[in-house]
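A.B. asks: sequence and predicted structure are below.
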Amino acid sequence: MTNAVFELDTDKLADYLNQHIDSFKGPVSATKFSGGQSNPTFLLETPTQKYVLRRQPPGKLLKGAHAVDREFQVMSALADSNVPVAAALHLCTDSDVIGSLFYVMEFKDGRVLWDPALPDCKPQERADIYKEMNRVLSELHKVNIDDVGLSEYGLRTDYFARQIHTWSKNYKAAEIDPIDDMDFLIEWLPENTPEEDGKFSITHGDYRLDNLMFDKHQNHVVAVLDWELSTIGHPYADLAYQCMLYHTPGGEGLPGLAHVDIKELGIPTEQEYVQMYCERMGIDSIPNWNFYLSFSLFRIASICQGVVKRAQLGNASNEKAGSYGHLVGLFAGIAKKLAQS
C-alpha cells in the first residue's frame, strides 16, 4: 500500500504536464515503485503512454540531498553520448504542483537485476553482464565534460578531500548512536588520501547493478538510472563503489559476493574486473586500491545512516528504511579492515 505521504494529486499533475510535455495527454495514474531509498519514483500511465516521475521526498531534507534538478541536468547532457540514459522530458521547480521538485523522463521497458550473483543466469550470461557493466562505466568516464555542457557540474580538484568532509558531516548530522569504526574512518581517510593524480570525470556516484536497466532479451544496458549523487569527481570512486560487492556478504536487502563461489558462477574476480576497466581506460593499474574501497564503504555507510535518520523523521521513501541501521556498522567494519590491511 502506498504511504499517504507519497501520494500524488494526479488531476493537478495531469493539468500541469498537459501544458509542459508536448506528447502528454491525460488523465494519468501514478504508481510508486517499491525500490529505492532516496527520491520517490513513480510510473505514470496515460491512455496512450507511460512515463517515469522522480521527485524530492516531502518534509525536512538534509542540505544538498535529493537533487532531482541535478539528475535532470546530467541526463539531459548525456542524451547524445555513448552512455545510455532515459530521455529527460521536463523539470518542474514549482513545489506547489505536487509538493516538491520533480522531473519526468521517458519510460524504458527493460530488466533491473537486483542480485549481483545473478541466480537466474548461466555462467556465460553472468560474464557478459559484468563485462557490459564495466563497458558502460568506462564510457561514462570517457565523456568529455566540457563537450556535453557540464563544465560547472562540479569542481575538478580535491575530490576525495571534499567528499570525505561532506560525508563525515552528513554522517554526524544523521548520527543516532555512536559507531567507533565510523569515527576511526573519519580520522583515517583524510590522513591516507592519495596525492591528486589529475584524473577527473563525470561520476555517477551510485553505480551498481540495480541502477542499470538491461534489455529484456539481450545483455546490454538500455539506461543508467538514479543520477542523484552524480558530479565531476574521480573515476576510481565509481569503480571502487561497484567493487564493494566483492567484500560484502549477500543477504536480504544486502547484495554482495563475499560468500559465493564467483569462479563457479562465471563472474569475474575483483582483480579481473579492475583490470578489465584499466584496459578500457588505457592505464596499467590502480595504486592505493584499498583506500578507494574503504572510502566507498564509508560513504555508503554514511548514506545508510541518512536513510535511517529520514525514517526517524518520517520522510523515508522506503517502508524498510528503518532496518538499514545495522548496515552502517557492517560497512564501516569492512572499511576499517581494508584500511588496516
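C.D. replies: Yep, it's here.

A.B. asks: Ser168 against Phe184, yeah?
C.D. replies: No - using Cβ atoms under 8 Å, Ser168 makes no contact with Phe184, being 11.8 Å away. The way it works is simple: take the backbone N, C-alpha and C, and place the C-beta from them, glycine included.

A.B. asks: looking at those two, which one has more neighbours?
C.D. replies: Between Ser168 and Phe184, counting by other Cβ atoms under 10 Å, Ser168 is the more crowded of the two (20 against 17).

A.B. asks: where along the stretch 101-250 of the chain do the helices fall?
C.D. replies: Ranges of helices in the stretch 101-250 of the chain, per DSSP state H, counting those that start in this stretch, are 123-142, 159-174, 180-191, 235-243.

A.B. asks: can you say which of those helices is nearest to Ala339?
C.D. replies: helix 180-191 (5.4 Å; Cβ to Cβ).

A.B. asks: and that closest one, which residues are buried?
C.D. replies: Of the residues in helix 180-191, Asp181, Met182, Phe184, Leu185, Ile186, Trp188, Leu189 count as buried by neighbour count, 16 or more other Cβ atoms under 10 Å.

A.B. asks: got a list of contacts for it?
C.D. replies: Outside helix 180-191, the residues within contact range by Cβ atoms under 8 Å, 6 or more residues apart in numbering are 160-161, 164-165, 168, 171, 291, 294-295, 298, 301-302, 328-329, 332-333, 335-336, 339.

A.B. asks: before we move on, the earlier item: pLDDT added to the buried residues of helix 180-191, as a markdown table?
C.D. replies: Shown next, in a markdown table, are the buried residues of helix 180-191 (pLDDT from 0 to 100):
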| residue | pLDDT |
| --- | --- |
| Asp181 | 98 |
| Met182 | 98 |
| Phe184 | 98 |
| Leu185 | 98 |
| Ile186 | 98 |
| Trp188 | 98 |
| Leu189 | 98 |
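
A.B. asks: which one of those sits closest to Val307?
C.D. replies: Nearest to Val307 among the buried residues of helix 180-191 is Met182, at 14.8 Å by Cβ to Cβ.

A.B. asks: tell me how far the closest one lies from Arg299.
C.D. replies: Met182 is 11 Å from Arg299, where distance means Cβ to Cβ, to the nearest Å.

A.B. asks: same thing with Gly266?
C.D. replies: For Gly266, the distance to Arg299 equals 29 Å [Cβ to Cβ].

A.B. asks: flag every buried residue along stretch 259-266.
C.D. replies: If you call a residue buried by 16+ other Cβ under 10 Å, then stretch 259-266 has these buried ones: Ile262, Leu265, Gly266.

A.B. asks: span of it from start to end?
C.D. replies: One end of stretch 259-266 to the other measures 15 Å (Cα to Cα, to the nearest Å).

A.B. asks: run through who's touching it.
C.D. replies: By Cβ under 8 Å, 6+ apart, the residues outside stretch 259-266 that reach it are 117-118, 122-127, 246, 249-250, 268-269.

A.B. asks: any idea which of the residues you listed is least confident?
C.D. replies: Within these, pLDDT reaches its minimum at Gly250, with 81.
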